[in-house]
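> Have a look at this prediction, sequence included:
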Amino acid sequence: MRCLTLLGLFLTAAPLAAQTTPSESQAAASITAVDVARRIGIIADDSMMGRDTPSRGLDLTAQYVANQFRRFGLKSSFQRYPITRRRLEPGHSRVIFSAAGRQDTASFATAARFGGGVVPEKPVRGSAVLVAGPLTAESAGEVNVRDKIALFVPPAKANPENFQQVLRVLFLGGPKALVILGDADSATFAASVPKRYPERTVIGTAASQPVILQLQSGAVKNALAAAGVDLAAMRQAASPVSRELPALKVGVEMSDTITSSLTAPNTVGILEGSDPQLKNEYVVFSAHMDHIGVTPGQADSINNGADDDASGTTGVIELAEAFSRPGARPKRSLIFLTVSGEEKGLWGSDYFASHPPVPIKQIVANINIDMIGRNWADTIVAIGKEHSDLGATLERVNKAHPELRMTAIDDRWPEERFYFRSDHYNFARKGVPILFFFNGVHEDYHGVADSPEKINSEKEARILKLLYFLGQEVANAPKRPEWKPESYKEIVE
């Protein structure tokens, strides 16, 4: 019997990356620098006109991706999401407070202001819950505001950072509306109310989100008093306050005008898993296929976006081809996703995460690719490693494939908050563990010089092979990836 040292026992107990099969190795070999360069050349060609959202060039790119998915035998589809331009009509919008026979109305022309969230298409009515005092994010999280009208009275001396954290927690608590009762006098508040609201862009129909309103509290003070609310005392409260107001009823009526309506595409390819049970779970590979379009007034006005993010879009296509090879299909199903609207505010991924083709709880991981064709030849940043055990899985896979000459390192720029700036974030906030692969920005970022000839396609091919082996490990593992508890609490809504 072989004798094991303590160190040997420790190493034996550690999980190892799965042995690569000949079929998997052959599939990985299908990812080549030549193919990477060719596909980036197509996606970042001048004919695509910078792939703005929405645009003809973007639609052509989406069709190209779909054609590739179908060629590999994937179940391919488009997911088109609505993009509407809307303007709030303050003269036809109001908030009504009523209690014990008293009714007050706050008009959006003088005493109410739209603060964010989603403008409700139908009147919102419900019972109220009062929240006040020196709240923290933790204490706000203990208040049950779900399906109620949450009335938030800020303390007289509010810390701005804490104020925003409390509002976020209340918003995520699922109220019908979140109403902030400010203490500005009527003239000051009225001067801050837009006479004509600017147009805003609305993606999809996110009607489940609450509307956020700011009210001049003096406009509704009589109804509040009739419901037993002393606003002055609430602003000076020494400890957190939360109480139901059964006598008070609140109604929100808002009128919106649609000034334009368009759509934009996401392209989806699905490869069914080989295991009868695990095929009902999914790993998503994603990248954004849009860029920033054209910058007029320059000799070269087309922003080709070769690195940002034709490199990632090409990566998703290459991975789809590799996984579709004989013997490479893993136990779990795979979704290959190219989204649009990332440059406008993560539009397409937000819509996909809210309208997935499979239940979001069955998506076990998202591997997102955004800019992997430039900078270091032997290094790629993997953002999000610290938030789930995907980080440890990546470390194992990386060590098992030294032939790739590619090292995945931690986030080098935490102050830039890249974790919150690409499409993976919309998966993370829905509870899906993520890894985000990114080579950092460069002097050509969001400029006309981000062109195909500057891409290091050989380097990108090695990164994609690493992601292929990572995908095999995640999609074949007995257990789905798990969040670190503290990260789940911080990130997941």
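Good, I have the coordinates.

> Could you point out the helix or strand that follows the lowest-mean-pLDDT helix or strand in the chain?
Scoring the helices and strands of the chain by mean pLDDT, DSSP states H and E places helix 6-13 at the bottom, with a mean of 36. Using DSSP states H and E, the next helix or strand after helix 6-13 towards the C-terminus is helix 22-29.

> What is that next one packed up against?
The elements that helix 22-29 packs onto, with contact taken as 3 or more CB pairs under 8 Å, 6 or more residues apart in numbering; DSSP states H and E, are helix 311-323, helix 457-476. Where you see a C-beta, it was placed from the backbone N, CA and C, and this is true even at glycine.

> Can you tell me which helices and strands the longest one packs against?
By that I understand helix 457-476. Looks like helix 457-476 contacts helix 22-29, helix 33-43, strand 282-288, helix 311-323, strand 363-369, helix 390-400, strand 434-438 (3+ CB pairs under 8 Å, 6+ apart).

> Helices of the stretch 301-450 of the chain, residue ranges please.
Here the stretch 301-450 of the chain has its helices, by DSSP state H, counting those that start in this stretch, at 311-323, 342-345, 347-354, 390-400, 424-428.

> Where is the longest strand in the protein?
The residue-count maximum for a strand in the chain (DSSP state E) belongs to strand 256-271.

> Ignoring the adjacent residues along the chain, who's closest to Gly273?
Once flanking residues are discounted, Gly273 sits nearest to Lys279: 3.4 Å by CB to CB, 6 or more residues apart in numbering.

> separation between that neighbour and Val364?
Distance of Lys279 to Val364, computed by CB to CB, to the nearest Å: 12 Å.

> list residues touching both of these two?
Common neighbours of Lys279 and Val364, counting by CB atoms under 8 Å, 6 or more residues apart in numbering, are Arg332.

> Of these two, which one has the most company?
Neighbour comparison, Lys279 and Val364: the larger count goes to Val364, with 22 against 18 (by other CB atoms under 10 Å).

> ok, Ala44 touching Asn303?
No - with contact defined as CB atoms under 8 Å, Ala44 does not count as touching Asn303 (9.4 Å).

> list the residues that contact both of the two?
Contacts common to Ala44 and Asn303, judged by CB under 8 Å, 6+ apart, are Asp450.

> circling back to that earlier point, so which of the helices of the stretch 301-450 of the chain has the densest surroundings on average?
Greatest average neighbour count among these goes to helix 311-323 (a mean of 28), per mean count of other CB atoms under 10 Å.

> In terms of secondary structure, what does that one contact?
helix 22-29, helix 33-43, helix 56-71, strand 256-271, strand 282-288, strand 333-339, strand 363-369, helix 457-476.

> right, and the helix or strand after the longest one?
Using DSSP H and E, the helix or strand that follows helix 457-476 in sequence is helix 485-491.

> Pull that next one out as PDB, backbone CA atoms only.
Taking Å, rounded to 0.1, in the frame of the first residue of the first chain, the C-alpha atoms of helix 485-491 are listed here in PDB:
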ATOM      1  CA  PRO A 485     -23.100  33.600   0.500                       C
ATOM      2  CA  GLU A 486     -21.800  37.100   1.000                       C
ATOM      3  CA  SER A 487     -21.700  37.800  -2.700                       C
ATOM      4  CA  TYR A 488     -25.200  36.400  -3.200                       C
ATOM      5  CA  LYS A 489     -26.500  38.800  -0.500                       C
ATOM      6  CA  GLU A 490     -24.700  41.700  -2.100                       C
ATOM      7  CA  ILE A 491     -25.500  41.200  -5.800                       C
END
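
> For that helix, give the mean pLDDT please.
The average pLDDT within helix 485-491 is 92.

> and it, which residues are buried?
Of the residues in helix 485-491, Ile491 count as buried by neighbour count, 16 or more other CB atoms under 10 Å.

> likewise stretch 439-451?
Asn439, Gly440, Val441, Asp444, Gly447, Val448, Asp450, Ser451.

> From these, pick the one nearest Val252.
Of all these, Val252 sits closest to Val441, with 42.0 Å by CB to CB.

> Contacts only, for the spatially closest residue to that closest one that is not a sequence neighbour.
Leaving aside its sequence neighbours, Val441 sits nearest to Met371 (CB to CB, 6+ apart; 7.4 Å). By CB under 8 Å, 6+ apart, the contact set of Met371 is Asp307, Asp308, Asp309, Ser311, Gly312, Phe438, Asn439, Gly440, Val441.

> So the residue nearest to Gly273 belongs to a helix, correct?
Yes - assessed with DSSP: H, G, I helix; E, B strand; the rest coil, Lys279 lies in a helix.

> can I assume it is in contact with Arg332?
Yes - with contact defined as CB under 8 Å, Lys279 reaches Arg332; the gap is 6.6 Å.

> contact partners of the helix or strand in which Glu244 is found?
Assigned by DSSP H and E, Glu244 falls within strand 241-253. For strand 241-253, the surrounding residues in contact (CB under 8 Å, 6+ apart) are 93-100, 120, 123-133, 142-143, 149, 151, 153, 176-177, 179, 211, 213, 223-224, 226-229, 234.

> Report pLDDT for Phe438.
For Phe438, the predicted pLDDT is 97.

> for Phe420, same thing?
89.

> And it, how close does it get to Ser324?
Phe420 is 33 Å from Ser324, by CB to CB.

> who's more crowded, these two?
Taking other CB under 10 Å, Phe420 and Ser324 do not tie; Ser324 has more neighbours (20 against 12).

> Hmm, that one is touching Ser76, no?
No - counting by CB under 8 Å, Ser76 is not a contact partner of Ser324; they are 11.5 Å apart.

> rewinding a little: with distance to Pro160 as extra columns, can I get the helices and strands packed on helix 457-476 in a markdown table?
A markdown table is the format used below for those (distance: least, CB to CB, whole Å):
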| stretch | distance to Pro160 |
| --- | --- |
| helix 22-29 | 51 |
| helix 33-43 | 43 |
| strand 282-288 | 32 |
| helix 311-323 | 36 |
| strand 363-369 | 32 |
| helix 390-400 | 33 |
| strand 434-438 | 29 |
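
> what's the closest of the ones you listed to Lys489?
Shortest distance between Lys489 and the helices and strands packed on helix 457-476, using CB to CB, is found for strand 434-438: 16.1 Å.

> Report all helices and strands that that closest one contacts.
With contacts taken as 3+ CB pairs under 8 Å, 6+ apart, strand 434-438 sits against strand 363-369, strand 379-383, helix 390-400, helix 424-428, helix 457-476.

> please redo it, this time with the cut-off set to 6 Å
Contacts defined by 3 or more CB pairs under 6 Å, 6 or more residues apart in numbering; DSSP states H and E place strand 434-438 against strand 363-369, strand 379-383, helix 424-428.

> What lies in contact with the last one?
Looking back up the chat, that one is helix 424-428. Outside of helix 424-428, the residues within contact range by CB atoms under 6 Å, 6 or more residues apart in numbering are Leu346, Ser349, Asp350, Ala353, Asn366, Asn368, Ile434, Phe436, Ile491.

> Pick the one among these closest to Val474.
Nearest member of the contacts of helix 424-428 to Val474, counting by CB to CB, is Asn366, at 10.3 Å.

> which residues does the closest one bridge with?
Counting by DSSP bridges, Asn366 forms beta bridges with Val284, Ile434.

> Likewise for Thr338?
Beta-bridge pairing of Thr338 under DSSP bridges involves Thr267, Ala287.

> follow-up on the earlier one: how about a markdown table for the helices of the stretch 301-450 of the chain, with distance to Thr21 and mean pLDDT added?
Output for the helices of the stretch 301-450 of the chain, formatted as a markdown table (distance: least, CB to CB, whole Å; pLDDT from 0 to 100):
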| stretch | distance to Thr21 | mean pLDDT |
| --- | --- | --- |
| helix 311-323 | 13 | 98 |
| helix 342-345 | 35 | 94 |
| helix 347-354 | 32 | 95 |
| helix 390-400 | 13 | 97 |
| helix 424-428 | 29 | 97 |
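
> Great, nothing more from me.
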